Structure formats: C-alpha cells, structure tokens
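Participant: this is the structure alone, sequence omitted:
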C-alpha cells in the first residue's frame with residue numbers, strides 16, 4: 001500500500017508546500033502570530049481597556065465571574081443549548097452568554113436566569129449577529145430555549 005501525504009500551498013505566501021490540514025508554513029505561522037499579538041495589543045489599548053470598557057474587562061477576568069461561569073456551564077452539563085435545539089447537535093458549551101448584556105444592566109451580570117451556555121466560536125457569534133437584527137426577539141428565543149431545557153432535563 002502506498003501512503004501519499006496530501007499537500008497544498010501556504011494560504012498566506014502561496015509559496016511553500018504544507019500538509020493539507022495546516023493553514024500556514026512555519027515562517028508564515030510565526031508572522032501571523034506576531035501580527036495577531038500586535039493587533040491584540042492595539043485592540044486592548046484602544047478598546048478593551050479604554051475608560052468606557054475597563055469595568056467590564058475587569059469583571060470578565062475576576063475570580064467571581066470565572067467561578068460563576070463554571071457553575072452555569074456545569075448546571076447545563078456543558079451543552080450548547082443553541083446547537084442542541086436549533087441544529088439537533090450536541091456541542092460542548094465553552095462560554096456563557098449574558099442574555100441581557102452587562103452594558104445594558106450591570107446588575108444582571110451574575111443573574112443565573114440571564115445566562116445562556118454556548119460555544120464561543122460558533123453559536124455565540126450567531127447569537128450576536130441575531131442581536132443586530134432583532135435583539136428582543138432573540139433574547140426571548142434564548143429564554144424559551146432555557147425553559148425548554150429545564151422542562152426536559154431538570
């Protein structure tokens with residue numbers, strides 16, 4: 001049996017051959033990471049830690065939030081409820097979304113009923129896109145999904 005490794009060109013420089021499951025060659029990977037660090041540093045300075053956002057950034061780094069977040073994820077068995085009910089898939093929830101965002105009502109930042117378990121890279125992004133179209137409708141839908149989960153599993 002002949003074993004042939006599939007190759008493709010680096011998606012950044014289009015010069016070097018790399019394994020099919022890689023995105024960048026070694027040189028480009030280093031440059032991409034460096035660019036990402038530089039970009040994050042600028043974002044942190046201008047956005048994340050500016051005077052308007054520092055309160056929220058500190059909250060998300062607090063032990064209080066970290067512990068509470070784990071409690072919420074554990075209660076829902078680390079299941080992404082959006083994926084469960086909208087796509088009939090079991091996906092690990094790795095973050096918790098505030099249904100009423102903390103900028104709108106800081107008092108709800110640790111309100112268990114205001115938490116929705118989801119996947120950071122997937123459904124969390126979908127939820128935020130839906131907020132741009134119909135925030136109140138999406139919030140109602142999230143609360144309905146939570147109630148459905150509680151009826152079915154708790």
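Facilitator: On my side now, so go ahead. Nothing here was measured: the structure is a model prediction, and the numbers come from that model.

Participant: and the host helix or strand of residue 143, what does it pack onto?
Facilitator: Take DSSP states H and E as the rule and residue 143 turns out to sit in helix 123-153. Helices and strands touching helix 123-153, by 3 or more C-beta pairs under 8 Å, 6 or more residues apart in numbering; DSSP states H and E, are helix 81-86, strand 95-98, strand 115-118. In short, each C-beta sits where N, CA and C put it, glycine included.

Participant: give the rounded mean pLDDT of the second one.
Facilitator: When you say that, I think you mean strand 95-98. The pLDDT scores in strand 95-98 average 98.

Participant: off-centre distance for that strand?
Facilitator: 8 Å (C-alpha atoms, centre = their mean, to the nearest Å).

Participant: show residues contacting it.
Facilitator: Residues from elsewhere that reach strand 95-98 (C-beta atoms under 8 Å, 6 or more residues apart in numbering): 69, 72-73, 108-109, 114-120, 124, 127, 142.

Participant: for ChimeraX, what selects the buried ones among those residues?
Facilitator: Buried residues among the contacts of strand 95-98 (16 or more other C-beta atoms under 10 Å), as a ChimeraX selection:
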select :69,72,73,108,109,114,115,116,117,118,119,124,127,142
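
Participant: ok, the contacts of strand 95-98 vs residue 42, which is closest?
Facilitator: residue 120 (21.7 Å; C-beta to C-beta).

Participant: now do that closest one against residue 6, distance only.
Facilitator: 30 Å (C-beta to C-beta, to the nearest Å).

Participant: also residue 116?
Facilitator: Applying C-beta to C-beta to residue 116 and residue 6 gives a distance of 39 Å.

Participant: quick check: residue 73 is in a helix.
Facilitator: Yes. The assignment for residue 73 by DSSP: H, G, I helix; E, B strand; the rest coil puts it in a helix.

Participant: which residues touch it?
Facilitator: Contact analysis of residue 73 by C-beta under 8 Å, 6+ apart lists 93, 94, 96, 117.

Participant: now for the contacts of strand 95-98: which two are most distant?
Facilitator: Farthest pair in these, by C-beta to C-beta: 108 and 119, 21.9 Å.
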